[in-house]
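**Student:** Need coordinates for the following:
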Amino acid sequence: MRKLISKCLAVVLVLSCITIGFTSCGSKEETSMIDKIKKSGTLVMGTASGYPPYEFVSTADGGDVIGIDVELGQAIADKLGVSLKVVDMPFGELIAALSTGKCDVAIAGMPETEEKAKSVDFSSVYINDEQSIVVRTADLEQYKSLSDLADKTIGVEKGSSCEEVAKAELPNANMVSLAKVPDVFLELKNNKIDAIVIAKVVATQYIVSDSTVSFANDTVILENKDKPCQAAVAKDNEEFLALIDDVIEENQDNGNFDDWILEYCEKANAQGSDN
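**Tutor:** Numbers count the residues shown, from 1 in each chain. Model (predicted):
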C-alpha cells in the first residue's frame with residue numbers, strides 16, 4: 001500500500017510540474033527581449049544628441065532628436081511592429097542605461113570596444129567612419145605631425161572611442177573630456193583646448209558651417225583611425241541582436257544608409273552646428 005501511495009504521489013508531482021510549466025521544479029520561464037518589446041508596443045532607443053548627422057536636436061521638428069541613428073532605430077521598430085521612443089542622454093550613460101533596462105537598444109555612432117563588450121553586446125557595423133583631428137584654422141600650420149600635439153590640450157566626447165584613441169596615441173597630451181560634442185567645439189573656438197579628436201562625418205557638420213575650425217593637415221594622422229558604428233544591446237539577447245543585424249543588412253543593401261547620410265548632412269548643415 002505504501003509503495004502504491006508513493007507511486008501515486010510521484011505521478012501527481014510530475015503532472016503538476018507539467019501543468020505549471022516546470023516553474024516550481026527548478027526551471028525558469030524566460031521572456032525574450034523581442035517578446036518584451038512587442039508586449040510593451042514600444043522600442044526604447046537610447047542615444048546622445050549633439051552628434052550630427054548621426055543624431056541631433058531638430059529646431060524644425062519641435063525639438064525632436066533626428067538623424068541617421070534614429071532612422072536605424074525606426075527601421076528596427078518597424079521590423080518589430082512597434083513604435084519608437086528616443087531617449088536622449090549623455091553618451092557616457094548609454095552602457096549603464098542598457099544594463100539597467102532603461103533602454104532596449106543604444107544607437108549613437110558607437111563602436112565596440114573590449115571594455116564595453118564586457119557589459120553589452122554589439123551589432124554588426126552599419127557605418128565605418130574615421131577618427132579625425134580638428135584644430136583652429138588659424139593654427140593649422142603649427143601641426144605637421146601627430147607629435148606636434150604631444151603636449152597640447154585635446155578635447156574629446158566623454159566615454160567615446162575618440163577619447164580612448166586620443167589617450168592611447170597622445171599619452172603626453174592633456175585630455176579634456178566633455179559630455180557633449182558642441183561643448184568640445186566651443187572650448188576649441190574659445191582657445192580653451194588646442195585640438196579635438198572626433199569622427200570625421202560628425203566633424204564635417206561643424207567645419208562646413210564655421211570657417212574658424214578645420215581638419216588638421218593630412219600629415220597629422222592617427223594610427224587607429226577606423227571608427228565603426230554599431231548598435232548595442234544588453235547581454236544575452238542573441239535573438240534581438242540577430243534581428244538588428246538583419247535590419248542593418250537590409251538597409252545597407254537597399255542604399256538607405258547612403259541616403260540617410262546625405263539627408264542628415266544636408267539638414268544638419270542647413271540648421272547649423274549649434275545642436
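**Student:** Tell me the buried residues in whichever strand or helix holds V87?
**Tutor:** Using DSSP states H and E, V87 sits within strand 83-88. Within strand 83-88, the residues scored as buried using 16 or more other C-beta atoms under 10 Å are 84-88. Bear in mind the C-beta positions are built from the backbone N, C-alpha and C, glycine included.
**Student:** hmm, who's touching that strand?
**Tutor:** 41-49, 55, 57, 64-65, 70, 73-74, 76-77, 97, 102-103 (C-beta atoms under 8 Å, 6 or more residues apart in numbering).
**Student:** Pull out the buried residues from the residues you listed.
**Tutor:** 43-49, 55, 57, 65, 70, 73-74, 76-77, 97, 103.
**Student:** about what we covered before: quick one: strands adjacent to the strand holding V87?
**Tutor:** strand 42-47 (parallel) (DSSP bridges).
**Student:** from the middle of its chain, how far away would the strand it pairs with be?
**Tutor:** Relative to the centre of its chain, strand 42-47 is centred 12 Å away, using C-alpha atoms, centre = their mean, to the nearest Å.
**Student:** Using CSV, write out every CA atom in stretch 243-263.
**Tutor:** As requested, the backbone C-alpha atoms of stretch 243-263 are provided in CSV (Å, rounded to 0.1, in the frame of the first residue of the first chain):
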residue,chain,number,x,y,z
LEU,A,243,17.1,40.9,-35.8
ILE,A,244,19.0,44.2,-35.6
ASP,A,245,21.8,42.7,-37.8
ASP,A,246,19.1,41.7,-40.4
VAL,A,247,17.7,45.3,-40.4
ILE,A,248,21.3,46.7,-40.8
GLU,A,249,22.0,44.4,-43.7
GLU,A,250,18.6,45.2,-45.4
ASN,A,251,19.2,48.9,-45.2
GLN,A,252,22.8,48.6,-46.4
ASP,A,253,21.7,46.6,-49.4
ASN,A,254,18.9,48.9,-50.4
GLY,A,255,21.1,52.0,-50.1
ASN,A,256,19.2,53.6,-47.2
PHE,A,257,22.3,54.3,-45.2
ASP,A,258,23.8,56.2,-48.1
ASP,A,259,20.6,58.2,-48.5
TRP,A,260,20.4,58.9,-44.7
ILE,A,261,24.0,60.2,-44.6
LEU,A,262,23.2,62.7,-47.4
GLU,A,263,19.8,63.7,-46.0
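**Student:** Which positions within it qualify as buried?
**Tutor:** 243-244, 247-248, 251, 256-257, 260-261, 263.
**Student:** which outside residues touch stretch 112-119?
**Tutor:** Under the contact criterion C-beta under 8 Å, 6+ apart, stretch 112-119 has outside partners 95, 98-99, 110, 122, 161, 164, 228, 230, 232, 235.
**Student:** any idea which of the buried residues of strand 83-88 is closest to E239?
**Tutor:** L84 (19.2 Å; C-beta to C-beta).
**Student:** so who does D69 touch?
**Tutor:** Counted by C-beta under 8 Å, 6+ apart, D69 has contacts 47, 54-55, 107-109, 229.
**Student:** let's go with 6 Å and repeat that
**Tutor:** Going by C-beta atoms under 6 Å, 6 or more residues apart in numbering, D69 touches 47, 54-55, 107.
**Student:** how many degrees apart are the strand or helix carrying it and strand 83-88 in direction?
**Tutor:** Using DSSP H and E, D69 maps to helix 68-80. Angle of helix 68-80 versus strand 83-88, following axes from the mean of the first three to the mean of the last three C-alpha atoms, to 10 degrees, is 150 degrees.
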